[in-house]
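J.: Fold the stuff below for me.
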Amino acid sequence: MLRKHQGQAAVLIGLIAVTAACGRSEPADEPIPEGTDAHVEINPVEASPQPVARAAMQTILSWQPATDTSKTDALRRAQQWLSGELLDAALTPNADSEVRPDPRWEAWKQSIDVVTARCDTAPDGVAVPEGARTVVVDVECTQTVLHTSGQSTPLTPGTWRTTLTEASDGWRLTSYRFHS
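T.: Below you'll find the predicted structure:
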């Protein structure tokens, strides 16, 4: 019986030694990068309106129906890029009734699907005049439904016309509307 316990103890000590050895690593020369699962670019937003329009619209059009109460939650996630009435709407409690619901929302919620958006500046977008403090930027956005099965369904791409205003701390989205 003693021999059986000694054998088990030896196996246990061996496992602990292997686990400790595997957990050891050399210090990294590079810092570990921080990430996000918010489906927005990790790089800092540039000091021009186009990246702000893209980042804001990607966030506004990315939804998590299983946990979001409405599309207003995505608007709230985009607060850092908003100003004016749009920011006021994001900060207003119970503003959900003002956001047009998507008829597919309930099905996405039941399936625990996630909708992500990828936006790029439209090739024929409105040019930004030098020195302008308010500009219009067209962005083309494609939303994709990510299913829990691992499959995805692209939705019809669309162009959004955004209006941005320059503030003391950078460009901010003040309005958007579906363009085509």
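J.: CA atoms only for stretch 72-82 - export them in CSV, please.
T.: These are the backbone C-alpha positions of stretch 72-82, laid out as CSV (Å, rounded to 0.1, in the frame of the first residue of the first chain):
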residue,chain,number,x,y,z
THR,A,72,-29.0,53.0,-28.9
ASP,A,73,-26.5,50.9,-26.9
ALA,A,74,-24.2,51.0,-29.9
LEU,A,75,-24.7,54.8,-30.1
ARG,A,76,-23.7,55.0,-26.5
ARG,A,77,-20.5,53.0,-27.2
ALA,A,78,-19.6,55.6,-29.9
GLN,A,79,-19.8,58.5,-27.4
GLN,A,80,-16.1,59.4,-27.8
TRP,A,81,-16.6,60.3,-31.4
LEU,A,82,-19.9,62.2,-31.0
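J.: Without its sequence neighbours, what residue ends up closest to W108?
T.: Closest residue in space to W108, ignoring its immediate chain neighbours: P65 at 4.0 Å, by Cβ to Cβ, 6 or more residues apart in numbering. C-beta coordinates here come from the backbone N, C-alpha and C atoms, glycine included.
J.: same question, T148
T.: The spatially closest residue to T148, leaving aside those adjacent along the chain, is I112, at 5.3 Å (Cβ to Cβ, 6+ apart).
J.: Around the one you found, count how many other residues there are.
T.: 13 (other Cβ atoms under 10 Å).
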